[in-house]
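**Q** What follows is a predicted structure for the sequence shown.
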Amino acid sequence: MFEVLESTAFVARESRFVGIDPAALSKFAALLVDPSVRLSSWDTAHHFSGPPDQVVAYILVLDTINFCFWPPPGEKRWEVEVHGRLASGYNGLALALRQALESGVPLTDAGFLAGLTEKRLRAVLGGKGALQLMAERARALRELGGVLARDYQGKACRLVESTRGWAVSLARLLARKLPSFQDTAVYRERAIYFYKRGQIAAADLHGALEGKGWGRFQDLDSLTAFADYKLPQVLRGLGILVYEASLADRVDRRVELAPGSPEEVEIRANTVVAVDRLREEAKRRGRPLRAFEIDGLLWHMGQDDTYRERPYHRTRSVFY
């Protein structure tokens, strides 16, 4: 997405708190092109599988509330257990929604979503521990249900069809129609675009539907990295992202960064730019990779304790 790449590149050039180490980036790019490094495949263990139209609805619901899984200070991390499988964070959310759908909760019904209360959503998700921003999650799903009912005959697949197989158009459409997808910031009086959840929705549809039907997009190579809090944690662990001392101290002490603050915008923007440079370097070395594929590799690396030695930055946000 040109607006994401152009605006985040501006932030990277002007950054005071976050930098990119070219040597560390080149070193990791050399590892990326190793044939033994395999791309992440779609996770069928946690996600719902079924009729394609239901999968589309499930993915849109999932990515509408795919944000902020870290617990407040002193609280326990939210997790769910389904059929003996314990999961937390994004995987927990995917599994909880899958279980709800398979047990008859009408998550694919726009009317149900449009009337969803915070209390009902808590009951649908279940689990133990603290999952933040529940009121905002319920509001986002009501907005989704309302848009589907008003503009797309209540069907998520109709919304996806309206983009005519263009992933970038899907991300922009979601941002235009739904406030919780309007993932932008202002940095030095300039608009900065991220569109994290809108872009990941396209990638998820591609993965869940194996690139067929509503999961077939013509421009997946135009997607950027999905700037969240796990990717910069891994990139920092690799030495690719370098934080200025005061920012490093705040992140390491788990001090929250305000959404839209220069530090937070710089972390996310440099994440996008670093992944794009990794993509370019891998291509130059003979292995063409798409940004969302590198994103997937980094995200899965972030599930390993090796990359949890230093904390991720904490920002209370509906965007990631």
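**A** Cool, got the structure.
**Q** From now on I want contacts and neighbour counts done on CA atoms only, so please keep to that.
**A** Will do.
**Q** Run a quick neighbour tally on residue 254.
**A** Close neighbours of residue 254, defined as other CA atoms under 10 Å, add up to 16.
**Q** now it: how far from residue 74?
**A** The gap separating residue 254 from residue 74 is 12 Å, by CA to CA, to the nearest Å.
**Q** just residue 203 next, same as before
**A** 34 Å.
**Q** mind checking pLDDT for residue 306?
**A** Confidence at residue 306, expressed as pLDDT, is 86.
**Q** I should have written residue 204 there, sorry.
**A** On the pLDDT scale, residue 204 gets 98.
**Q** list the contacts for it?
**A** By CA atoms under 8 Å, 6 or more residues apart in numbering, the contact set of residue 204 is residue 59.
**Q** Check which element follows the strand or helix carrying it along the chain.
**A** Assigned by DSSP states H and E, residue 204 belongs to helix 196-208. Sequence order places helix 230-237 as the next helix or strand after helix 196-208, per DSSP H and E.
**Q** So which elements touch the helix or strand following that following helix?
**A** Once the chain leaves helix 230-237, the next helix or strand it forms, by DSSP H and E, is strand 241-243. Packing partners of strand 241-243 (3 or more CA pairs under 8 Å, 6 or more residues apart in numbering; DSSP states H and E): strand 18-20, helix 230-237, helix 262-284.
**Q** Quick one: closest of these to residue 68.
**A** Among those, helix 230-237 comes nearest to residue 68, with 10.8 Å by CA to CA.
**Q** Summarise which helices and strands the closest one is packed against.
**A** strand 241-243, helix 262-284, helix 291-301.
**Q** residues in contact with it?
**A** Here helix 230-237 has contacts from 241-242, 267-268, 271, 295, 298-299, 301-302, 307-308, 310-313, using CA under 8 Å, 6+ apart.
**Q** Separate out the buried members of those residues.
**A** With neighbours counted by 16 or more other CA atoms under 10 Å, those contain buried members at 241-242, 267-268, 271, 295, 298-299, 301-302, 307, 310-313.
**Q** how close does residue 30 get to residue 286?
**A** Distance of residue 30 to residue 286, computed by CA to CA: 10 Å.
**Q** Which one of those two is surrounded by more residues?
**A** residue 30 (14 against 9).
**Q** I figured that one was touching residue 284, is that so?
**A** No. With contact defined as CA atoms under 8 Å, residue 30 does not count as touching residue 284 (10.4 Å).
**Q** list residues touching both of these two?
**A** Shared contacts of residue 30 and residue 284 (CA under 8 Å, 6+ apart): none.
**Q** ok, now which ones touch residue 95?
**A** Taking CA under 8 Å, 6+ apart, one finds 46-48, 80, 82, 87 in contact with residue 95.
**Q** Pretty sure it sits in a helix.
**A** Yes. The assignment for residue 95 by DSSP: H, G, I helix; E, B strand; the rest coil puts it in a helix.
**Q** What distance do you get for it to residue 61?
**A** 13 Å.
**Q** got it, and residue 262?
**A** 30 Å.
**Q** Also residue 250?
**A** In terms of CA to CA, residue 250 sits 33 Å off from residue 61.
**Q** And the two? Which one has more around it.
**A** Neighbours were tallied for residue 250 and for residue 61 using other CA under 10 Å; the higher tally belongs to residue 61 (22 against 14).
**Q** Ignoring the adjacent residues along the chain, who's closest to that one?
**A** Setting aside the residues directly before and after it, residue 61 is nearest to residue 141 in space (CA to CA, 6 or more residues apart in numbering), at 6.9 Å.
**Q** just how off-centre is the helix or strand harbouring the one you found within its chain?
**A** Taking DSSP H and E as the definition, residue 141 sits inside helix 134-151. Its chain's C-alpha centre and that of helix 134-151 lie 18 Å apart, by CA atoms, centre = their mean, to the nearest Å.
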